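Chemist: Structure of the sequence below:
(2 chains)
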There are 2 protein chains.
Amino acid sequence: MIHHVNPHANVAQVLDNLDAIRVLDPHGMLDLTERFPDQCRDALQISRDFLAAQGAPARPSSIIITGLGGSAIGGDLVRALVEIGGDVPVIVNRDYRLPGFAGPNTLVIASSYSGNTEETVSAYEHARDLGCPRICITSGGELARHAARDGVPCCIVPGGRPPRASTGYLFIPTLAVVAASVDLGAQCGLNAVDASLGHLDELAAEWRRENPVSDNPAKELAVALHGRIPIFYGAQGWTSVLALRWKGQFNENAKVHAFANALPEQNHNEILGWTRASQQSSIWSVVYLRDPQETEDQPRIARRIAVLQAVIASSAEQHEVWATGDSLMERLLGTLYYGDFVSVYAALLAGVDPTDIAGIDLLKGEMANLNGNGR
Amino acid sequence: MIHHVNPHANVAQVLDNLDAIRVLDPHGMLDLTERFPDQCRDALQISRDFLAAQGAPARPSSIIITGLGGSAIGGDLVRALVEIGGDVPVIVNRDYRLPGFAGPNTLVIASSYSGNTEETVSAYEHARDLGCPRICITSGGELARHAARDGVPCCIVPGGRPPRASTGYLFIPTLAVVAASVDLGAQCGLNAVDASLGHLDELAAEWRRENPVSDNPAKELAVALHGRIPIFYGAQGWTSVLALRWKGQFNENAKVHAFANALPEQNHNEILGWTRASQQSSIWSVVYLRDPQETEDQPRIARRIAVLQAVIASSAEQHEVWATGDSLMERLLGTLYYGDFVSVYAALLAGVDPTDIAGIDLLKGEMANLNGNGR
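Modeler: Sure, this is the predicted structure:
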């Protein structure tokens, strides 16, 4: 990691002031974040109960996971895992309609935390029109009602949280359904999630609010990124999906712009944006999401990152986040979790309520006004 | 479109000075851009000859297009067209290896303009190991040699250009191969490309260097974006793929940072980055790539753009690019072409050689050094 003198020492004190945190986080996003390992435990039990009651879906020739935001990212992570160990094409759909190949052999997993995401409800109806086997994952809403009407299996998870603080409830049941219909191998299934929970507990203890900045890597990285525009880079595969997740968490929690890309694709175009970046903006920070396995599995990716860091060195601060844990699933869930903590601390540093999403609520209101007498 | 007083009136004069352009563009990127319609004509003939000699490939159960940069974007455009009218899953692969489902029923199209993109050559070899039927599209290099060794059909296109100035040679043969193996419908096949060439000629005449800024929308948009960081937004489907292409063209030609996203996904996270954007940077510009059909086909997307524009209004300049042409293919190729012109003019305005890609060449050199006695 490239270290810099910290210009935000005073600002950082707020993160060690528990009273200040209570004021800055009136809706308790940090509390939800701290309790993520328990959410994963609960989601695991719900997923196992759901599969025990429904049985495994028939083996499809392809799978479409349809959702937006946190549901889509959960789908992307499952897709990345299937690309490692599975033998069916998986496509994540972020639109009102499904791609043209969807049909009776396509398993469609419709995921919406509230159940009222209009794009996902619309895509669900498209799947019904096309005769696709369907499974819904939701806390209720319109999607749960449609599933009940159609006799479609629906995995119901507890509601009431912001969707981005419900990743356990969105990712784990999706993985469970896919792992039950396609052989993913031991490192990608529910038992791997189960075996990762102890690691998540350890990380929660390390990153929680009681641990001061001086001994808390999540607070430390939030301080380093304060006032800057972060760009998250991962390698093609699960770290690039997590780069997108970190971007979304900084957008939604800290209300700052953030961007993400994947290597090697970045090396074929975006790298040239850095050659004149110092003339454009002095407030970029680059965060590399790295897997210790990559040096062994993808030595050329590791080399690409080293060269990229040399190109960027004079234009921006750079940080590295190394996944921790013995198993693939520990590294994946731990790196996801780190982004949640860092983005919440970044919000608190900026004096922004991490839970508030007025911009999205405005948009949803305007979209609802369009409906008139119903869509 | 939101109009602003132009602070770059003096700078803009360089775009109307043909002698200055010759100095600023020593390797002739603008010339290549102006001749894009002829490249498409040539690519169409090459594609038809290739198909006539090879016959149509057997119908696959899935298709993987593997490539990086301009080849990957060409693949994404084909994927977007197949999602409209085709009935097979198409996945674009930007990595050294193929996803786990690839096998004897997966048609793998390996596309590398030079033939020496190491990720694409590696993915080709992975496809061979997996027993996938393969087709190569290249001007030569290692990929052509591998294809000849293996008796794999190889569509050879003329070499010697920068890959990003070879989109006709990369996109059209890929589309031809896919359209020959899957029924895409008349609006997405080679005849649709053929019928679009006249429209491209008209656009080339409108945007060419002889037309002054006052009468040239491509120069006008380049002037508006001068000194700014553009963010390109499209709707899920082909306009979002083109947003990525515009981003890449600004990275590679103008050597500036640029970013891209798709609606509706943008509405679920990135929109919140705009709520504090005016404190972060005063040099953003947003460019919306729009299809006149969207108001009819996707009225809710059109509404989402209107609300998004209201959210962004106080933080950034905003521009709209409306696709022109009667057919889907005219609108797609025309909008792609517009991005090429605007990004080249943007490079000339910034005093940057559009052809030069020292950053990528440095990286390729470092990667080659790694090879030692061969990879």
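Chemist: Looks like residue A:161 contacts residue A:35 (just checking).
Modeler: No: taking contacts as Cβ atoms under 8 Å, residue A:161 lies outside contact range of residue A:35: 10.1 Å. Quick note: C-beta positions are derived from backbone N, CA and C, even for glycine.
Chemist: more neighbours, those two?
Modeler: The neighbour comparison of residue A:161 against residue A:35 (other Cβ atoms under 10 Å in any protein chain shown) goes to residue A:161, with 20 against 15.
Chemist: other SSEs contacting the longest helix belonging to chain A?
Modeler: Counting by DSSP state H, the longest helix found in chain A is helix A:328-349. When contacts are defined as 3 or more Cβ pairs under 8 Å, 6 or more residues apart in numbering or on different chains; DSSP states H and E, helix A:328-349 sits against helix A:18-24, helix A:29-34, helix A:36-54, helix A:70-85, helix A:190-207, helix A:217-225, helix A:238-254.
Chemist: as a whole number, average confidence for the last one?
Modeler: Same thing as helix A:238-254. Averaged across helix A:238-254, pLDDT comes to 96.
Chemist: and it, how far from the chain's centre?
Modeler: Helix A:238-254 sits 6 Å away from the centroid of its parent chain (Cα atoms, centre = their mean, to the nearest Å).
Chemist: Same check on the shortest one?
Modeler: Centre-to-centre, helix A:29-34 and its host chain are 15 Å apart (Cα atoms, centre = their mean).
Chemist: again with the fifth one
Modeler: Here helix A:190-207 is found 16 Å from its chain centre; the criterion is Cα atoms, centre = their mean.
Chemist: would you turn the helices and strands packed on helix A:328-349 into JSON lines with distance to chain B?
Modeler: Listed next are those as JSON lines, based on distance: least, Cβ to the nearest Cβ, whole Å:
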{"stretch": "helix A:18-24", "distance to chain B": "15"}
{"stretch": "helix A:29-34", "distance to chain B": "13"}
{"stretch": "helix A:36-54", "distance to chain B": "19"}
{"stretch": "helix A:70-85", "distance to chain B": "4"}
{"stretch": "helix A:190-207", "distance to chain B": "16"}
{"stretch": "helix A:217-225", "distance to chain B": "12"}
{"stretch": "helix A:238-254", "distance to chain B": "4"}
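Chemist: So what does residue A:86 look like in phi/psi?
Modeler: Per-residue torsions, residue A:86: phi -100, psi 170 (degrees, to the nearest 10).
Chemist: Could you pull up the residues touching the closest residue to it other than its chain neighbours?
Modeler: Distance criterion Cβ to Cβ, 6 or more residues apart in numbering or on different chains; nearest residue to residue A:86, sequence neighbours excluded, is residue A:182 at 4.7 Å. Applying Cβ atoms under 8 Å, 6 or more residues apart in numbering or on different chains to residue A:182 gives the contacts A:59, A:60, A:63, A:82, A:86, A:87, A:88.
Chemist: Can you pick out the ones from those residues that are in strands?
Modeler: Applying DSSP state E to the contacts of residue A:182, the entries found in strands are residue A:63.
Chemist: from the contacts of residue A:182, which would you call buried?
Modeler: Buried residues within the contacts of residue A:182, counting neighbours by 16 or more other Cβ atoms under 10 Å in any protein chain shown: A:60, A:63, A:82, A:86, A:88.
Chemist: Could you verify my assumption that the last one touches residue A:63?
Modeler: Okay, so that is residue A:88. Yes: applying Cβ under 8 Å, one finds residue A:88 in contact with residue A:63, separated by 5.9 Å.
Chemist: Please enumerate the shared neighbours of these two.
Modeler: Joint contacts of residue A:88 and residue A:63 (Cβ under 8 Å, 6+ apart) are A:82, A:182.
Chemist: give me the residue from the stretch 51-200 of chain A nearest chain B.
Modeler: Proximity of the stretch 51-200 of chain A to chain B (Cβ to the nearest Cβ) peaks at residue A:69, 3.4 Å away.
Chemist: doesn't residue A:248 make contact with that residue?
Modeler: Yes: using Cβ under 8 Å, residue A:69 is in contact with residue A:248, at 6.8 Å.
Chemist: shared neighbours of the two, anything?
Modeler: Shared contacts of residue A:69 and residue A:248 (Cβ under 8 Å, 6+ apart): A:164, B:268, B:269.
Chemist: and which of those residues is nearest to residue A:261?
Modeler: residue B:269 (15.7 Å; Cβ to Cβ).
Chemist: Spatially, what comes nearest to that closest one if we skip its sequence neighbours?
Modeler: That would be residue A:248: by Cβ to Cβ, 6+ apart, it lies 3.9 Å from residue B:269.
Chemist: which residues sit against stretch A:48-63?
Modeler: Stretch A:48-63 is contacted by residues A:82, A:88-91, A:101, A:105-109, A:133, A:135, A:153, A:155, A:173, A:176-178, A:180-182, A:190, B:61-62, B:89 when judged by Cβ under 8 Å, 6+ apart.
Chemist: Tell me who's in contact with residue A:343.
Modeler: Residue A:343 neighbours (Cβ under 8 Å, 6+ apart): A:222, A:246, A:249, A:250, A:252, A:253, A:254, A:354.
Chemist: contacting residues around the residue of the stretch 251-375 of chain A found nearest chain B?
Modeler: For the stretch 251-375 of chain A and chain B, the shortest gap (Cβ to the nearest Cβ) falls at residue A:268, measuring 3.4 Å. By Cβ under 8 Å, 6+ apart, the residues touching residue A:268 are B:68, B:69, B:70, B:72, B:248, B:360.
Chemist: Residue A:308 too?
Modeler: A:233, A:263, A:266, A:267, A:271, B:363.
Chemist: Show me chain A divided up by domain.
Modeler: Split into domains by automatic domain parsing, chain A comes to A:9-26+A:198-349, A:33-188.
Chemist: Dihedrals phi and psi, the residue lying closest to residue A:122 once chain neighbours are set aside?
Modeler: Closest residue to residue A:122 apart from its sequence neighbours, by Cβ to Cβ, 6+ apart: residue A:96 at 4.3 Å. Main-chain torsions, residue A:96, degrees, to the nearest 10: phi -70, psi -30.
Chemist: Hmm, residue A:96 is touching residue A:121, no?
Modeler: No: the criterion here is Cβ under 8 Å, and residue A:96 misses it with residue A:121 at 9.1 Å.
Chemist: between these two, which one's more packed in?
Modeler: More crowded of residue A:96 and residue A:121, by other Cβ under 10 Å: residue A:121, with 23 against 19.
Chemist: What strand or helix carries the more buried one?
Modeler: helix A:118-130 (DSSP states H and E).
Chemist: list the helices and strands that helix packs on?
Modeler: strand A:62-66, strand A:106-111, strand A:134-138, helix A:141-150.
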